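Student: This is a predicted model, with the sequence first.
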Amino acid sequence: MLRVSHVAMNISSCFGFIVFCLIIVSAAVTMWKMPIHQFNLWRLERNFQTIAPAHPPGSKLLLKRKDFGGLFSAASHSCDYFIGELRSTPRSKEDVRKAYNGLSIDSFDHTKHIPVEVHFFDEEEFFTDFPWYEWQAELRRSFDVSAARDNLYLIFASQSGYSPYGDLRCY
């Protein structure tokens, strides 16, 4: 009886080990390239920080947003990256546009320059080509545009059209 119990315990241990190995192998096969998107977003954010000297004097950072996924081209199964800041300034819109005019950053893979875009919070087109419509509600809850004495604006850079590498967040 003791021998049968010992054999049964060895069989269940082997079965458990095989199931554990299958789980690890399937997770590695399906997710091994997922961290590349986090790394690409980190590099894009690092490149975005190079524009700090271009901020108009008196400009203040209010919110920062970064994200990746199927943001711009949901039907094409690609991974898109975005980094942006909501800022306020007492300066005019023309001064702000001049400060960022022609400004670009390196892409995360250093293959091209990405233009830095500026949109003002009170202008109609602020969110028309902006991928995060849910951020609009968050921003509107956080800031009363009618009470703001300063100009609120968003500066951002984005890359789109990269392979999802099997990452479900990019579909």
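Tutor: Perfect, I can see it now.
Student: ok, and what's touching stretch 68-87?
Tutor: Stretch 68-87 is contacted by residues 37, 40-41, 44-45, 48, 55, 59-67, 108, 121, 131-132, 139, 152-165, 167, 169-171 when judged by C-beta atoms under 8 Å, 6 or more residues apart in numbering. Where you see a C-beta, it was placed from the backbone N, CA and C, and this is true even at glycine.
Student: Show me which parts of that stretch are buried, residue by residue.
Tutor: Buried residues in stretch 68-87, defined by neighbour count with 16 or more other C-beta atoms under 10 Å: 68-72, 78-87.
Student: I'd like to know which of these are part of strands.
Tutor: Judged by DSSP state E, the buried residues of stretch 68-87 include F68, G69, C79, D80, Y81, F82, I83, G84, E85, L86, R87 as members of strands.
Student: tell me the least confident of those residues?
Tutor: Across the set of these, G69 stands lowest in pLDDT, at 78.
Student: Narrow the contacts of stretch 68-87 to those in strands?
Tutor: Using DSSP E, these in strands are 60-67, 152-162.
Student: What subset of these is buried?
Tutor: For the ones in strands among the contacts of stretch 68-87, buried by 16+ other C-beta under 10 Å: L62, D67, L152, Y153, L154, I155, F156, A157, S158, Q159, S160, Y162.
Student: okay if I get those residues as JSON lines plus distance to K98 and pLDDT?
Tutor: Output for those, formatted as JSON lines (distance: C-beta to C-beta, whole Å; pLDDT from 0 to 100):
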{"residue": "L62", "distance to K98": "21", "pLDDT": "86"}
{"residue": "D67", "distance to K98": "28", "pLDDT": "84"}
{"residue": "L152", "distance to K98": "18", "pLDDT": "85"}
{"residue": "Y153", "distance to K98": "13", "pLDDT": "88"}
{"residue": "L154", "distance to K98": "17", "pLDDT": "87"}
{"residue": "I155", "distance to K98": "13", "pLDDT": "91"}
{"residue": "F156", "distance to K98": "18", "pLDDT": "90"}
{"residue": "A157", "distance to K98": "18", "pLDDT": "91"}
{"residue": "S158", "distance to K98": "22", "pLDDT": "86"}
{"residue": "Q159", "distance to K98": "25", "pLDDT": "86"}
{"residue": "S160", "distance to K98": "27", "pLDDT": "81"}
{"residue": "Y162", "distance to K98": "32", "pLDDT": "77"}
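Student: what two of those have the greatest distance between them?
Tutor: The largest separation in these, counting by C-beta to C-beta, is between L152 and Y162 at 30.5 Å.
Student: Is S142 in contact with L63, as I believe?
Tutor: Yes: shown here, S142 and L63 form a contact pair, counting by C-beta atoms under 8 Å, at 7.1 Å.
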